[in-house]
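Q: need coordinates for the below:
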Amino acid sequence: RVLMTEFDALSKREGFAPGLAGRWRPGLRESALFDRNAIHEIHRMAREGMKLTSFYAAPVCSVSRAQLLTGCYGARISVPGVYGPGGKQGLNPAEHTIAERLKERGYATQCIGKWHVGDQPEFLPTRQGFDRFYGFLGGETNQWAPAIFDGVVPVEHQQSADYHFTTDMTDQAINCVSAQ
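A: Residues are numbered from 1 along each chain as shown. This is a model prediction of the structure:
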């Protein structure tokens, strides 16, 4: 609940963009992931924004995502490990999420990318405080021909040699911020 209490002092600001990057390895250089301009922007955002520097990343993604969303340890909110496709479990709708807290403060909320904290209707992002969801529900998807959703509607993609889901997510994030 430490993360959630930090929001009690948070006034409406221009933007709030938490992120969770998987498979980040010690020694992996930023330049392998981002171009020079993007690296400078990431560092500028870190300098000018609020930094929360203590986060326990669980060894499996469903737990880490639930922890980021709720500010609670996975064991505290009964996240057993990885949620499988079509399972009867997911992030408990009674838990307060960061999206719900931000909406209370006037923010528009959007979840882009991997969800993986339950794929049944009661566990979907739009039931957990997000105004909009664009991404995939399970643990993985093909990055060139992904099984993605816009809300609860499957997105049909034309096969294209130029398409990559990372670029698509980036475009969605830019559109979300630009619309505010």
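Q: I'd say residue 65 and residue 113 touch.
A: No. Between residue 65 and residue 113 there is no contact under Cβ atoms under 8 Å: 10.1 Å. In short, each C-beta sits where N, CA and C put it, glycine included.
Q: compare neighbour counts for those two and give me the winner.
A: residue 65 (22 against 19; other Cβ atoms under 10 Å).
Q: OK, contacts around the more buried one?
A: 20, 114-117 (Cβ atoms under 8 Å, 6 or more residues apart in numbering).
Q: wait, what's in contact with the residue lying farthest from the centre of the chain?
A: Among residues of the chain, the one most distant from the C-alpha centroid is residue 161; the distance is 26.4 Å, by Cα atoms, centre = their mean. Residue 161 makes contact with no residue, according to Cβ under 8 Å, 6+ apart.
Q: got a pLDDT number for it?
A: pLDDT for residue 161: 87.
Q: measure it to residue 89 for me?
A: 39 Å (Cβ to Cβ, to the nearest Å).
Q: same thing with residue 164?
A: Distance from residue 164 to residue 89, by Cβ to Cβ: 31 Å.
Q: residues in contact with the residue nearest the centre of the chain?
A: Centroid check for the chain by Cα atoms, centre = their mean gives residue 111 as the closest residue, at 5.3 Å. Listed by Cβ under 8 Å, 6+ apart, the contact partners of residue 111 are 99, 125, 130, 132-135.
Q: in this structure, which spans are helices?
A: 2-8, 36-48, 61-70, 98-104, 165-178 (DSSP state H).
Q: contacts for the longest one?
A: For helix 165-178, the surrounding residues in contact (Cβ under 8 Å, 6+ apart) are 15, 17, 108, 110, 112-113, 132, 134-135, 141, 143-144, 146, 148.
Q: weed out the non-buried ones from those residues.
A: 110, 112-113, 134-135, 141, 146, 148 (16 or more other Cβ atoms under 10 Å).
Q: determine which two of those residues are furthest apart.
A: 110 and 141 (18.3 Å; Cβ to Cβ).
Q: ranges for the strands of the protein?
A: 110-114, 132-136, 149-150, 153-154 (DSSP state E).
Q: got those as TSV, with distance to residue 179 and mean pLDDT columns?
A: Putting the strands of the chain into TSV (distance: least, Cβ to Cβ, whole Å; pLDDT from 0 to 100) gives the following:
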stretch	distance to residue 179	mean pLDDT
strand 110-114	9	92
strand 132-136	10	94
strand 149-150	14	94
strand 153-154	19	93
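Q: distance to residue 176 added to those, as a markdown table?
A: Conversion of the strands of the chain to a markdown table gives the following (distance: least, Cβ to Cβ, whole Å):
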| stretch | distance to residue 176 |
| --- | --- |
| strand 110-114 | 5 |
| strand 132-136 | 7 |
| strand 149-150 | 12 |
| strand 153-154 | 17 |
